[in-house]
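# sequence first, predicted model second:
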Amino acid sequence: MTRSKLFAAAVVACTCLVSSVPVFAQQNTDWAKERLDKSPRHGEWVKVKHDNREVNCFITYPEVKDKAPAVIVIHEIFGLTTWVDGETDQLAEAGYIAIAPDLLWGKGPNGEGTEAIVKSGSEPRQVISTLPADQITADLNAVADYVSKLPACNGKLAVGGFCWGGGQSFRYATNNKDLKAAFVFYGDPPAEADMARINCPVYGFYASNDARITSKIPSTTEQMKKAGKTYEPVTYEGASHGFMRAGEQPNPQEANKKAREDSWARWKELLKKM
């Protein structure tokens, strides 16, 4: 159903901390694969096509009787990893269809994505900076159209992402007027001029020990207020950038663990408002 990968625990510039140690040598994520492999929920791979492109996506379905809302999950700067696949499963556990596109699809050897890039010895965070913004938006639009029209979906759609994906979630809210909510986990805001196009509430999840991102909250709050938009940021004390992943790994720092637990509780409550 999924695949194991090695990827970094530290995060920086563009969204993650640059290290002299190769990113994918820094952290073993077998724990994420083990959790996902034990899931009773149905997860599968689908290829979403649009124009001259296709995007490989991991989608997980909830075990529910009625049609469910959907959430597009946008991956970190590390690309679509087993950990991100696991987040879709946990959203499905909460009752939502969750789909995570590999936005690096087509950038790997033989036109594949994140896994092939890693196996080739390259780092996704270096490749991801080459993605055109219009392509990212087009990929997300295709995924949104696909998932919202599934027979199991009730048509309600939200977006959420982490790190680089958090910033892309905020930006995508400026490009899709049909979103019911955007969930930004420690990601950058879009340009102020673009905020007027946002048509849904934006909820932020930030770490106190992450000044590169968190220092922008006051100006973002003012800009969103000026644009007449709903923006509700919460900063988790003692947590570091990437706490959603760092707080789940074995032997996490207590502040990251608590930030993750509190964020999940908040996220699920906010999703109920869609």
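Done, it's in. All of these numbers come straight from a predicted model, not from anything done at the bench.
# quick one: the closest residue to G165 other than its chain neighbours from N256, how far?
Take G165 and drop its neighbours on the chain: the residue closest to it by Cβ to Cβ, 6 or more residues apart in numbering is I74, 3.3 Å away. Where C-beta positions appear, they are placed from N, C-alpha and C, glycine not excepted. Here the criterion is Cβ to Cβ, to the nearest Å. By it, I74 lies 21 Å from N256.
# G187 now?
Separation of G187 from N256 (Cβ to Cβ): 17 Å.
# and what of P218?
Going from P218 to N256 by Cβ to Cβ gives 24 Å.
# more crowded one of these two?
Taking neighbours as other Cβ atoms under 10 Å, P218 and N256 compare with N256 leading, 24 against 10.
# so that one touches E237, yeah?
No: if you go by Cβ atoms under 8 Å, N256 and E237 don't touch, sitting 11.2 Å apart.
# what about W83, how many neighbours?
W83, neighbours per other Cβ under 10 Å, totals 24.
# quick check: closest non-adjacent residue to it.
Leaving out its chain neighbours, the residue that sits closest to W83 by Cβ to Cβ, 6+ apart is A32, at 4.4 Å.
# pLDDT (mean, whole number) over the helix or strand the one you found falls within?
In this structure, A32 is located in helix 30-37 according to DSSP states H and E. Mean pLDDT, helix 30-37: 92.
# on contacts alone, who are the packing partners of the next helix or strand after it?
Following helix 30-37 in sequence order, the next helix or strand is strand 42-50 (DSSP H and E). Where contact means 3 or more Cβ pairs under 8 Å, 6 or more residues apart in numbering; DSSP states H and E, strand 42-50 is packed against strand 53-61, helix 82-93, helix 133-148.
# 7 Å - rerun?
If you count contacts as 3 or more Cβ pairs under 7 Å, 6 or more residues apart in numbering; DSSP states H and E, strand 42-50 packs onto strand 53-61, helix 133-148.
# on that earlier part again, what's the burial count for the residue nearest to G165?
Neighbours of I74 (other Cβ under 10 Å): 30.
# for K216, same thing?
For K216, the neighbour count with other Cβ under 10 Å is 16.
# just give the nearest non-adjacent residue to it, would you?
The shortest distance from K216 to any non-neighbouring residue, by Cβ to Cβ, 6+ apart, is to P189 (6.2 Å).
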